[in-house]
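# okay, sequence plus prediction incoming.
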Amino acid sequence: MKHTRPARTVHTADLVPAALDEIRALLDAAFDGDFGEDDWDHTVGGMHALVHDEHGLAAHGSVVQRRVLHAGRSLRVGYVEGVAVRADRRREGLGGLVMEALEGVIDRAYVLGALSASDDGAALYAARGWAVWPGRLAALGPDGVVPLPDEEGSTYVRAVGGLDASQALLFDWRGGDLL
């Protein structure tokens, strides 16, 4: 394994433009051109976990605050976005380093962690103790509740104790993909 420094956490506001450009380039490459402006907007504005090696940015993930209504309560949720590892460093544990740092943020600052997993990422999250939300999912849109059945089965949560799976998680509205 190549030498890698531990993941460093930093807020978007403390990243210089060149660092943001480097993160965006990593995400564009990792998602094979399927990472748009809305995806970028969802990735910034919170805490980033960054792993660098001798060639630059090797891995990234961020956690941003979202609001979720559940069983009549508004929950402060740390939502994981933009998790990616540079192609030449995959399967070396860097995703785990990123998630460890983000989970620390979630555990200290939020009631719940949530994320929408790609097929490639699902095993990482499951191995770290994240669980597929077993209930319904929806978003609170400008015209009311918008069911999200296509997200069921790929939305993972952390620290689900005390949540009633018979009650939907109603996520706040945002542009692009809602989850």
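Nice, I can see it.

# what separation do you get for the spatially most central residue of the chain and Gly141?
Nearest to the geometric centre of the chain sits Val80, at 1.6 Å (Cα atoms, centre = their mean). According to Cβ to Cβ, to the nearest Å, Val80 and Gly141 sit 22 Å apart. No exception for glycine: its C-beta is placed from N, CA and C like everyone else's.

# same question, Val77
On the measure of Cβ to Cβ, Val77 and Gly141 end up 18 Å apart.

# what's near enough to touch Glu22?
Gly56, Leu57 (Cβ atoms under 8 Å, 6 or more residues apart in numbering).

# which element is it on?
Element membership of Glu22, judged by DSSP states H and E, is helix 17-30.

# which residues does the helix or strand just after that helix contact?
Using DSSP H and E, the helix or strand that follows helix 17-30 in sequence is helix 37-43. Contact with helix 37-43 is made by Ile23, Arg24, Leu27, Phe31, Ser62, Val64, Glu81, Gly82, Arg174, Gly175, Gly176, Asp177, as judged by Cβ under 8 Å, 6+ apart.

# now the helix or strand following helix 37-43: how far from the chain's centre is it?
Once helix 37-43 ends, the next helix or strand along the chain (criterion: DSSP H and E) is strand 47-53. Distance, stretch centre to chain centre, for strand 47-53: 14 Å (Cα atoms, centre = their mean, to the nearest Å).

# now swap in stretch 128-143 and tell me
Using Cα atoms, centre = their mean, the offset of stretch 128-143 from its chain centre is 13 Å.

# cool, and stretch 64-75?
That offset, for stretch 64-75, works out to 16 Å (Cα atoms, centre = their mean).
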